[in-house]
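Undergrad: What follows is a predicted structure for the sequence shown.
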Amino acid sequence: MKRHRIGSLLTLLTALATGTAAVPQAAFAAPSPQGPVVAAFDRAAHPLRTVEPGGPGGDLRALDRMAGDARVLGLGEATHGSHDFFALKDRVFRHLVEEKGFRTFALEAPWTTGRRLDDYVVHGTGDPRRIFAEEFQRDYRWWDNTDYLRLVEWMRARNIRHPDDPVRFLGDDVAWAGPEAYDAVTTYVARTHPEASAHLAALYRGLRPTVPTGRYIEQYLRTPYAQRARMAGRTGRALELLRRLGPGRDRAAYDEALRNATAVDQVARQYSYDFEDPAQLAASMRYRDATMAANVLDWQRRTGSRILLSAHDAHVAYEPQDPVHYPKAQGAFLRDRLGPDYVSVGLTFDRGSFNATGPDGSVRRWTLGPAGPDSNEATLDRVRHRDYLLDLRTLRSPARGWLTTARPTHCIGTDYPGVPCAVALARSHDVLIHLHRVEAARWRDREQGTG
């Protein structure tokens, strides 16, 4: 890791691919003539006309064929701060809703954040701008952009037109559980098993957030390891208590309380590792991706919904971009459970701008020129289409050999600058969308500097 302070820990927790972990030079393949490879890509590539919602949808039919009947489609991003990636996800989700029956947008965001946004898109509860401001703090700030606000507002407008067939919003991450999760559990137990209320209250004492999201996370991170481990022990016992009490007469209410108790416990367990121990730090990253996958699978099982999963390329991938710090990616866990019913779509770009946190701790706009000559992007950008889709599973030699070899690749998370990751595209994803140029995302209500 590049930064050795409390702030870098949440960067790991919320943005897996920070782009700051050093990769041995031996991991990269040497440059080689790519004429036959580019020719193969030229033949197989499907042009993408626009990333913007509202564009003509014919170019996305190729993605329909590539996705097939997948229950979960993971759609990545090569930065956490580029408008083009967020806009494309908005466009793709709208298309999949209308043409392929998808009904859930899942975001790399806390579960309780997702519940608040789901209540808005389904029932009109709350103000999305206020939800964004309250929930997308600290390293979740990247989602507080105009593209995701537009997507959420589109989801609400569609649900007004189709109240009996709603689209849903899911947060699958584990860095925060809002006070409403604790309240749901304690309220349920007080109503159905009042004799257990005092015990539950003792287990949750001091854990329920009373400060804003970002400050609560900061406080949690500054808590000594031994205390964090005890906190996780208490949330685990609270979850076990609820399970012992059982559903009683109101199964739906019990299931909701159980899901909230699970979210609370997941957050505590994410913070229960000794982050000074490299092995435990890596284990915590594995736990995070495994738990995000479990949350997506649980939602899919309970709702039957086809899901567009939005996360960094490194999360939706099959192979970890930094196996030392991140032993197994969310996409690999999903493939283990779903097989071909999970499809991973990686996104790459050659040049452009993005928002990220600099070495001084300030968030600014950064700009990159053309990718280096030995990178994946340099070859991908030689294809005759400016932006395009490519089914990596269909390509044969020599393109297949090139795609299964690791090369430097942009993998920019919350921090910049850093070094490229070593990525073998066809071992990481099923489908690739390559963009020639991207532009920095627009904050919903803030200005940004440049770098």
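TA: Sure thing, it's come through. Small disclaimer: the values here were computed from a predicted structure and weren't measured.

Undergrad: Just the element for I131, please.
TA: If you go by DSSP states H and E, I131 is part of helix 128-135.

Undergrad: just checking, what packs against that helix?
TA: helix 111-123, helix 146-161 (3 or more Cβ pairs under 8 Å, 6 or more residues apart in numbering; DSSP states H and E). Yep, even glycine has a C-beta here, placed from its N, CA and C like the rest.

Undergrad: Out of those helices, flag the one nearest D391.
TA: helix 146-161 (25.5 Å; Cβ to Cβ).

Undergrad: re the thing from before, angle of the helix holding I131 against helix 146-161?
TA: Per axes from the mean of the first three to the mean of the last three Cα atoms, to 10 degrees, the angle that helix 128-135 makes with helix 146-161 is 130 degrees.

Undergrad: got the buried residues for helix 128-135?
TA: Across helix 128-135, burial judged by 16 or more other Cβ atoms under 10 Å covers 128, 131-132, 134-135.

Undergrad: cool, stretch 40-59 as well?
TA: Neighbour count says stretch 40-59 has 40-41, 44-46, 48, 51, 53, 59 buried, by 16+ other Cβ under 10 Å.

Undergrad: Stretch 359-378 now?
TA: Within stretch 359-378, the residues that count as buried by 16+ other Cβ under 10 Å are 363-366, 368, 371, 375-378.

Undergrad: now the helices for the stretch 51-200 of the chain?
TA: Assigned by DSSP state H, counting those that start in this stretch, the stretch 51-200 of the chain shows helices spanning 61-67, 83-100, 111-123, 128-135, 146-161, 179-192, 197-204.

Undergrad: quick one on the thing from earlier: dump the helix holding I131 to CSV, restricted to CA.
TA: Listed next in CSV are the C-alpha coordinates belonging to helix 128-135 (Å, rounded to 0.1, in the frame of the first residue of the first chain):
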residue,chain,number,x,y,z
PRO,A,128,-32.3,11.3,-3.3
ARG,A,129,-30.1,14.3,-3.1
ARG,A,130,-30.3,14.2,0.7
ILE,A,131,-29.7,10.4,0.7
PHE,A,132,-26.6,11.0,-1.6
ALA,A,133,-25.3,13.7,0.7
GLU,A,134,-25.8,11.6,3.9
GLU,A,135,-24.6,8.3,2.6
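
Undergrad: now stretch 431-449, how far from the centre of its chain.
TA: Centroid displacement of stretch 431-449 relative to its chain, using Cα atoms, centre = their mean, to the nearest Å, is 16 Å.

Undergrad: buried stuff in it?
TA: Of all the residues in stretch 431-449, those buried under the rule 16+ other Cβ under 10 Å are 431-438, 440-441, 443-444.

Undergrad: What ranges in the stretch 51-200 of the chain fall below the confidence cut-off?
TA: In the prediction, the stretch 51-200 of the chain carries no residues with pLDDT under 70.

Undergrad: likewise the stretch 301-450 of the chain?
TA: Along the stretch 301-450 of the chain, segments meeting pLDDT under 70 span 446-450.

Undergrad: In it, what residue spans correspond to helices?
TA: Assignment of helices within the stretch 301-450 of the chain using DSSP H, counting those that start in this stretch yields the ranges 313-316, 330-338, 376-380, 399-403, 425-428.

Undergrad: how far does the fourth one sit from the chain's center?
TA: What it means is helix 399-403. Here helix 399-403 is found 27 Å from its chain centre; the criterion is Cα atoms, centre = their mean.

Undergrad: Between helix 330-338 and the longest strand belonging to the chain, find me the angle.
TA: In the chain, assigned by DSSP state E, the strand with the most residues is strand 342-357. Orientation check (the same axes, to 10 degrees): strand 342-357 against helix 330-338 gives 160 degrees.

Undergrad: can you offset everything so residue one is 139?
TA: Noted, 139 is the first residue going forward, which turns the last one into strand 480-495.

Undergrad: Now tell me what touches the helix holding I269 from outside.
TA: Where contact means Cβ atoms under 8 Å, 6 or more residues apart in numbering, the residues beyond helix 266-273 that reach it are 247-248, 251, 254-255, 258, 281-282, 286-287, 290-291, 294, 316, 350-351, 582-583.

Undergrad: Same check on stretch 364-378?
TA: So stretch 364-378 is contacted by 323, 338, 341-342, 345, 358, 361, 396, 399-400, 402-403, 405-407, 409-410 (Cβ under 8 Å, 6+ apart).

Undergrad: Show me these that map onto helices.
TA: 323, 338, 341-342, 358, 396, 399-400, 402-403, 405-407 (DSSP state H).

Undergrad: Of those residues, which is the nearest to R475?
TA: Looking at those and their distance to R475, the nearest is T400, at 17.5 Å (Cβ to Cβ).

Undergrad: Contacts only, for that closest one.
TA: L377.

Undergrad: Check the spacing between it and A315 real quick.
TA: For T400, the distance to A315 (Cβ to Cβ, to the nearest Å) stands at 10 Å.

Undergrad: again with R360
TA: R360 is 18 Å from A315, where distance means Cβ to Cβ.

Undergrad: the more surrounded of these two?
TA: Counting neighbours by other Cβ atoms under 10 Å for R360 and for A315 shows that A315 has the greater number, 26 against 9.

Undergrad: Tell me how many other residues surround the closest residue to F224 other than its chain neighbours.
TA: Nearest residue to F224, sequence neighbours excluded (Cβ to Cβ, 6 or more residues apart in numbering): D285, at 3.6 Å. Using other Cβ under 10 Å, D285 is surrounded by 24 other residues.

Undergrad: and if you look at D265?
TA: Residue crowding around D265 was assessed by other Cβ under 10 Å; the count is 11.

Undergrad: just the helices and strands packed on helix 266-273: most buried one?
TA: Across these, averaging neighbours per residue (mean count of other Cβ atoms under 10 Å) puts helix 249-261 on top, at a mean of 21.

Undergrad: Give me the contact list for it.
TA: If you take Cβ under 8 Å, 6+ apart as the criterion, helix 249-261 is touched by 244-245, 263-266, 269, 273-274, 278, 290, 293-294, 297, 304-312, 314-316, 318-319, 401, 404, 433.

Undergrad: Give me the distance from it to the chain's centre.
TA: Taking mean C-alpha positions (Cα atoms, centre = their mean), helix 249-261 and its chain are 16 Å apart.

Undergrad: hmm, back to that, in CSV: the helices of the stretch 189-338 of the chain, plus distance to R444.
TA: Shown next, in CSV, are the helices of the stretch 189-338 of the chain (distance: least, Cβ to Cβ, whole Å):
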stretch, distance to R444
helix 199-205, 9
helix 221-238, 7
helix 249-261, 16
helix 266-273, 23
helix 284-299, 15
helix 317-330, 26
helix 335-342, 35
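
Undergrad: residues in contact with S448?
TA: S448 makes contact with 213, 215, 227, 243-246, according to Cβ under 8 Å, 6+ apart.

Undergrad: same question, A200
TA: Contact analysis of A200 by Cβ under 8 Å, 6+ apart lists 184, 527, 529.

Undergrad: Next up, phi/psi of the residue nearest to the second one when sequence neighbours are not counted, please.
TA: On the basis of Cβ to Cβ, 6+ apart, the spatially nearest residue to L527 that is not a chain neighbour turns out to be H184, at 4.5 Å. H184 has phi and psi values of phi -110, psi 120 when expressed as degrees, to the nearest 10.
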